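Asks: structure for this input, please:
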Amino acid sequence: MARTFICGFHVVTGRLRAAPASVAEIYIDAARDDARSKALVKLAAEKGVRVMQVESNRLDGFAKGARHQGVVASAESSTTATKSLDDLLDTVTGPPLLLVLDGVTDPHNLGACLRVADGAGVHAVIAPKDRACGINATVSKVASGAAEVMPYFMVTNLARTLEELKERNIWIIGTMDDAEKSLYESEFPASGAWVFGAEGKGMRRLTRDKCDLRVKIPMLGSVESLNVSVSVGICLFEARRRRATVR
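Replies: Numbers count the residues shown, from 1 in each chain. Below you'll find the predicted structure:
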């Protein structure tokens, strides 16, 4: 399993709680002696992970420009890499809720989408290998721990993956500005994969063609569109709200 350096208190703490076995070592700035660092050291001891106090410049070298807040951990690059999407879906109880990102390549946007997906109870996030970024230090930082627990699958052929989801009776719901009906006017099943394209470009034609339903977020002001993570949040929490109201 490949290893990487993850940075920041939120990220390292989240990984320790979710998958302590994936953390090899934790490095903390020797100059820090505050309550936050002490709490992390205590948690690491409970999880059986070694903590080393090092100079700040060594942390800078590990982080390679990322803001580390005085803590860096050596950990597996992904805690979900050994499980396939099919394996995960086989274990889901109830209607699956999935997020598909077609062309979201900015790590800040990906991190924000992972954070929203985790909050909405999404089972997995899917992206194409050729039009996405992987989980890196920036993604982990922005995701505030969600990147460490949210299954993220980069697939070779997104159109084929969407077809395979359909075979599981999972609706493919595309979000686009030119859809006929808004999110709030549309009827959709609880079992769904919500697809979002990159800002400006939108989703690819093949991806659009695979959608069973297309919806738009009604825009009432002067701006034409929202940041992709904001759009993701609006749609996923509306989907979650409707599930909660179904008896």
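
Asks: tell me the pLDDT of the residue nearest the centre of the chain.
Replies: Nearest to the mean C-alpha position of the chain, counting by C-alpha atoms, centre = their mean, stands residue 114 at 2.2 Å. For residue 114, the model assigns a pLDDT of 94.

Asks: next, give phi and psi for it.
Replies: Here is the backbone geometry of residue 114 (degrees, to the nearest 10): phi -60, psi -40.

Asks: quick one, what contacts it?
Replies: Shown in contact with residue 114 (C-beta atoms under 8 Å, 6 or more residues apart in numbering): 125, 139, 143, 146-147, 150, 152. Heads up, the C-betas are built off the backbone N, CA and C, glycines and all.

Asks: only alpha carbons, please: show the one helix or strand residue 166 maps to as PDB.
Replies: Assigning secondary structure by DSSP states H and E places residue 166 in helix 158-167. C-alpha atoms of helix 158-167 as PDB (Å, rounded to 0.1, in the frame of the first residue of the first chain):
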ATOM      1  CA  LEU A 158     -17.600   6.300 -16.400                       C
ATOM      2  CA  ALA A 159     -20.300   5.700 -19.000                       C
ATOM      3  CA  ARG A 160     -20.000   1.900 -18.500                       C
ATOM      4  CA  THR A 161     -20.000   2.400 -14.700                       C
ATOM      5  CA  LEU A 162     -23.200   4.300 -14.900                       C
ATOM      6  CA  GLU A 163     -24.800   1.500 -17.000                       C
ATOM      7  CA  GLU A 164     -23.700  -1.000 -14.300                       C
ATOM      8  CA  LEU A 165     -25.400   1.200 -11.700                       C
ATOM      9  CA  LYS A 166     -28.600   1.200 -13.700                       C
ATOM     10  CA  GLU A 167     -28.500  -2.600 -13.700                       C
END
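
Asks: ok, residues contacting that helix?
Replies: Contacts of helix 158-167 (C-beta under 8 Å, 6+ apart): 85-86, 98, 100, 102, 126-128, 155, 172, 193, 195, 204, 206-207, 209-210, 212.

Asks: how about the contacts of residue 114 in CSV, adding neighbour count and distance to residue 118?
Replies: Putting the contacts of residue 114 into CSV (neighbours: other C-beta atoms under 10 Å; distance: C-beta to C-beta, whole Å) gives the following:
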residue, neighbour count, distance to residue 118
125, 25, 9
139, 24, 13
143, 28, 8
146, 26, 4
147, 28, 9
150, 23, 5
152, 25, 11
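
Asks: show me the domain layout of this structure.
Replies: If you go by automatic domain parsing, the domain ranges for the chain are 3-76, 85-245.

Asks: that older thread, out of the contacts of helix 158-167, name the ones that lie in helices.
Replies: 85-86, 206-207, 209 (DSSP state H).
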